[in-house]
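Peer 1: Compute the structure for the input listed below.
(one chain, ligands or ions: 2)
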Amino acid sequence: MSGHKLMFSGLKLCPSGKNRWTNRLLSGVSGRGKASFSSCSRPKVCIVGSGPAGFYTAQALIKARQDVQVDIYEQLPVPFGLVRFGVAPDHPEVKNVINTFTQTAKQSRCSFYGNVTVGKDVSIEDLQQAYHAVVLSYGAEGNRSMGVPGEDLAGVYSAKDFVGWYNGLPSCQELSPDLSCETAVILGQGNVALDVARILLSPIDLLKKTDITQPALEALSESLVRRVLIVGRRGPKQVACTIKEVREMVNLPDTRPEMVEADFEGVTEALKDLPRPRKRLTELMLKTALEIPGEKERERRNAASRVWGFRFFRSPVEVLAHPDHKRTAGIRLAVNRLEGEGEGSRAVLTGEVEDVTCGLVISSIGYRSLPIDPAVPFDAGKAIVPNHMGRVQQAAGLYCSGWVKTGPTGVIATTMNNSFDTARSLMEDMDSGKLDISAAKPGSQSISALLEKRGVKAVIFSDWERMDRLEMRRGEAAGKPREKLLTVEEMLQAARN
Ligand code: FAD
Ligand code: NAP
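Peer 2: Ligands and ions are numbered 1, 2, ... in the order given. Purely as a prediction, here's the structure:
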């Protein structure tokens, strides 16, 4: 990052020896639950979305410049985006990033305003008037659809909704998926598909110790699903998941793998040409599919009551209806062949199809960003905000980071790096004068006034901490790390108590 200059021209300096009152002013919070505002002129940046991208961008900005004020606006009353609502409940170690995000949120120059939907409660134009810069970090709230007949039948869900359901996302709590069938088909072979497969097949005693929601735990404990097929349009050498997640499937108690030997034709011979991580992953799949297990593993597999397997070279063509025309009875898959080699190979239809009987279809073919405000450029084809190094194209003062910048792929570490890149672009623009910060901006002062006029009650970070403590207390009583609040109303009530 280029060494920044503090730009004070035309700015009124804040007192540097901060007392409690000044601290509160700087953090935009005066008294419990009430927002007040600094009259100091300082660069003011707001961020839309409080997932990893929002928090990592805020962290980088605050670290790079001692005078910048960063306000984060989040549509939900609770922070952390997909770390709370995406990451699998049985992967608690991944959620440790929340500690870093909390440190950022508690900095005197960072404020969190939850329960504010940008594009609805406030517009981007409102934010641009109040802040020197606006960073869009609002993730990918939609999902790619399969675009096949029967997709709307009962028993067909997007992985986005299914994950949101078991992780307590308020908008997904009505999903109540029907788990009364034996076979589930998951379309897509990314890590989300593997998360879903694992949750469907995990012994309930393992899930009980996680922060999975109580309704999901109850539904899964009554689930009749015994067989999960994870279907990909390409071959074993092209799966999008990673080795850790495949290993977890291989080692999942009370399950055995069920693969199709023919899918692995020629794969052993191709191993030597694969890059190392891909080679290790492919070796694990080959071993699982083809190797005759030792006695102990054979016994384990024979005793297993549940089955999982990859199916390759298959694309969804149609979700087949039950004779009652109301729910799904199966899926028709096109048989593909590959054109080209390696990661870039393309699935091409052979004309053959194959029907698989199943009562549950979960489409896990990727998330998708959505436009939130007509004033923001949006590339509908790529489903991203078009940008150059995080600078939104043809929109001065607008930046983006995270999945809305890159598209919906990448782990938290990838999102961190691309958010740091965006913060660097923003800092460079401040330093070079490309981003004009000479005039004072009101920041959260004017936005809070607008929200009040519009009847929107924002929550602040200490409100979240109250919800957090309540969730942990409820969890303790149930022997879980936390029992999540499941509706916005419950969250707001807990924030005020
Ligand atoms: P998000 O995390 O989605 O955050 C966006 C935030 O913006 C959300 O809080 C949202 O509520 C808010 N928002 C949306 N619209 C508005 C609006 N209009 N106004 C205000 N706020 C808004 N990575 C790993 O490293 N390990 C894992 O185990 C892992 N598991 C995953 C599991 C799933 C199911 C998924 C989908 C992803 C997983 N990832 C994992 C990837 C990781 O979650 C992403 O890299 C990361 O969350 C992307 O960050 P983001 O901030 O761009 O988006
Ligand atoms: P992903 O990794 O991009 O996988 C999407 C899958 O859907 C791929 O198998 C893809 O196949 C397939 N697909 C896409 N379009 C399709 C279509 N039209 N028809 C059929 N199949 C289609 O996406 P994801 O699983 O949603 O994961 C998103 C990101 O979050 C990834 O970077 C992932 O690693 C990360 N994540 C990480 C973890 C973890 O670390 N534990 C957990 C969950 C998610 P093709 O390859 O043929 O396109």
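Peer 1: all strands for the stretch 301-450 of the chain, in order.
Peer 2: Taking DSSP state E, counting those that start in this stretch, the strands of the stretch 301-450 of the chain run over residues 306-311, 314-321, 328-339, 346-357, 360-363, 367-368, 387-388, 391-392, 398-400.
Peer 1: Relative to ligand 1, which of the ones you listed is closest?
Peer 2: Of all the strands of the stretch 301-450 of the chain, strand 367-368 sits nearest to ligand 1, with 5.7 Å by Cβ to the nearest ligand atom. C-beta coordinates here come from the backbone N, C-alpha and C atoms, glycine included.
Peer 1: Go ahead and measure how far the closest one is from the middle of the chain.
Peer 2: For strand 367-368, the distance from its own C-alpha centre to the chain's C-alpha centre is 9 Å (Cα atoms, centre = their mean, to the nearest Å).
Peer 1: Quick one: mean pLDDT over that strand.
Peer 2: For strand 367-368, mean pLDDT is 98.
Peer 1: Can you list the helices and strands that that strand packs against?
Peer 2: When contacts are defined as 3 or more Cβ pairs under 8 Å, 6 or more residues apart in numbering; DSSP states H and E, strand 367-368 packs onto strand 142-143.
Peer 1: residues in contact with the helix or strand following the strand it packs on?
Peer 2: Secondary structure here is assigned by DSSP states H and E; on that basis, the next helix or strand after strand 142-143 toward the C-terminus is strand 156-158. Identification of contacts with strand 156-158 by Cβ atoms under 8 Å, 6 or more residues apart in numbering yields 143, 145, 150, 175, 177, 319, 328, 360-364.
Peer 1: switch the cut-off to 7 Å
Peer 2: With contacts defined as Cβ atoms under 7 Å, 6 or more residues apart in numbering, strand 156-158 is touched by 143, 175, 177, 319, 328, 361-363.
Peer 1: List the strands paired with that strand, with their directions.
Peer 2: Here strand 156-158 has these sheet partners by DSSP bridges: strand 360-363 (parallel).
Peer 1: How about the residues of this protein by ligand 1?
Peer 2: Proximity of the chain to ligand 1, by Cβ under 6 Å from any ligand atom, involves residues 48-54, 73-76, 81-82, 86-87, 91, 94, 117-119, 137-139, 141, 163, 192, 195, 367, 372, 402-403, 410-412, 415.
Peer 1: which among the residues you listed end up buried?
Peer 2: When neighbours are counted using 16 or more other Cβ atoms under 10 Å, the residues of the chain next to ligand 1 contain these buried positions: 48-54, 73-76, 81-82, 86-87, 118-119, 137-139, 141, 163, 192, 195, 367, 372, 402-403, 410, 412, 415.
Peer 1: still on that earlier bit, show me the one of the strands of the stretch 301-450 of the chain that comes nearest Glu428.
Peer 2: Proximity of the strands of the stretch 301-450 of the chain to Glu428 was assessed by Cβ to Cβ; the nearest stretch is strand 391-392, lying at 9.4 Å.
Peer 1: Arg234 falls within a helix, correct?
Peer 2: No - in this structure, Arg234 is coil, not part of a helix, as judged by DSSP: H, G, I helix; E, B strand; the rest coil.
Peer 1: Number of residues surrounding the residue nearest to it when sequence neighbours are not counted?
Peer 2: Closest residue to Arg234 apart from its sequence neighbours, by Cβ to Cβ, 6 or more residues apart in numbering: Ala347 at 5.2 Å. Here the count is done by other Cβ atoms under 10 Å, and Ala347 has 20 residues near it.
Peer 1: and Ala347, how far is that from ligand 2?
Peer 2: Ala347 sits 6 Å away from ligand 2 when distances are taken as Cβ to the nearest ligand atom, to the nearest Å.
Peer 1: Same question for Arg314.
Peer 2: 9 Å.
Peer 1: who does the closest residue to that residue other than its chain neighbours bridge with?
Peer 2: Among residues not flanking Arg314 along the chain, Leu333 sits closest, at 4.0 Å (Cβ to Cβ, 6+ apart). With DSSP bridges applied, the residues forming beta bridges to Leu333 are Pro316, Glu354.
Peer 1: Hmm, Leu320 and Leu333 touching each other?
Peer 2: No - counting by Cβ atoms under 7 Å, no contact exists between Leu333 and Leu320, whose distance comes to 10.5 Å.
Peer 1: How about the residues of the protein by ligand 2?
Peer 2: Near ligand 2, the residues belonging to the chain are 144, 187-193, 195, 232-234, 238, 240, 245, 315, 364-367, 408-411 when assessed by Cβ under 6 Å from any ligand atom.
Peer 1: returning to that earlier point: ok, Leu333 and Leu320, which is more surrounded?
Peer 2: Leu333 (23 against 18).
Peer 1: before we move on, the earlier item: among the residues of the chain next to ligand 1, which ones are in strands?
Peer 2: With strands taken from DSSP state E, the overlap with the residues of the chain next to ligand 1 comprises 48, 73, 367.
Peer 1: Can I get those residues in a markdown table including distance to Arg306?
Peer 2: Converted to a markdown table, these look like this (distance: Cβ to Cβ, whole Å):
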| residue | distance to Arg306 |
| --- | --- |
| Val48 | 42 |
| Tyr73 | 43 |
| Tyr367 | 27 |
